[in-house]
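Asks: Let's see this in three dimensions:
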Amino acid sequence: MALTALQIYERARSLGSVATLAQVQTVLSGIDRAAKEATELGRYQAEIWDQVSPLAGQPPEYWLQRGDLPAGGEVFCIRVDGMLQIVQPHDPNQSGLMAMDTATAQQRAEEHIAQMIAAVVDQEVLNAALLQLL
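Replies: The predicted structure is shown next:
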C-alpha cells in the first residue's frame, strides 16, 4: 500500500510544516513513484535454493538440519544487490511449518519482494516530499 498524501501531510505537520494538503498533493504529483519502484526492483532477485549448494557460507546440511524445513518443501531466497537477505524454508503465509512447492515458493518470494520494495519506496517518497515541505 502506497503512502497517501494525508499520511505525508500529517507527518509534515508533526515536524512543523505549515503546508496545506493541496501543497502536499502537488509535491507528490512531482515524484515519480513508478520510476523509483522500477529502479528498486532491479536490485532484488528471488531464487529457489537447490538444497545441495552452500548457502550464506554454510553447507547444505546446516540448512537441511535446522528443523524448520518441512520434508519435501522448497526454500526461497531473496538477494538485494547480490547479497543474501532472506532464506525462507516454509510458507510465511501459513501457520506452522508448512512446506511450499516450487510455484508457491516463487509466488511467496515475489510477494515478499513487492512488500520490501513498497516499504523502501514509501520511505524515499516520504523523504523527498518532506525535503520540499519543510
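Asks: switch to C-alpha atoms for all contacts and neighbour counts from now on
Replies: OK.
Asks: Give me the buried positions along the lowest-mean-pLDDT helix or strand in the chain.
Replies: Here the helix or strand of the chain ranked lowest by mean pLDDT, DSSP states H and E is helix 60-64, holding a mean of 92. Buried positions in helix 60-64, judged by neighbour count with 16 or more other CA atoms under 10 Å: 60, 63.
Asks: now stretch 45-64
Replies: For stretch 45-64, the buried set under the neighbour-count rule, 16+ other CA under 10 Å, comprises 45-46, 48-49, 55, 60, 63.
Asks: Just the ones of these in strands?
Replies: 45-46, 48 (DSSP state E).
Asks: Can you lay out the residues you listed as CSV showing pLDDT and distance to residue 134?
Replies: CSV is the format used below for these (pLDDT from 0 to 100; distance: CA to CA, whole Å):
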residue, pLDDT, distance to residue 134
45, 97, 36
46, 97, 38
48, 97, 44
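Asks: Residue 16 contacts residue 133, correct?
Replies: No. Under the criterion of CA atoms under 8 Å, residue 16 lies out of contact with residue 133, with a separation of 9.6 Å.
Asks: Figure out the helix or strand that the nearest residue to residue 92 once chain neighbours are set aside lives in.
Replies: Counting by CA to CA, 6 or more residues apart in numbering, residue 108 is the residue found nearest to residue 92 once chain neighbours are left out, at 7.6 Å. Assigned by DSSP states H and E, residue 108 belongs to helix 102-133.
Asks: mean confidence for that helix?
Replies: Helix 102-133 shows a mean pLDDT of 96.
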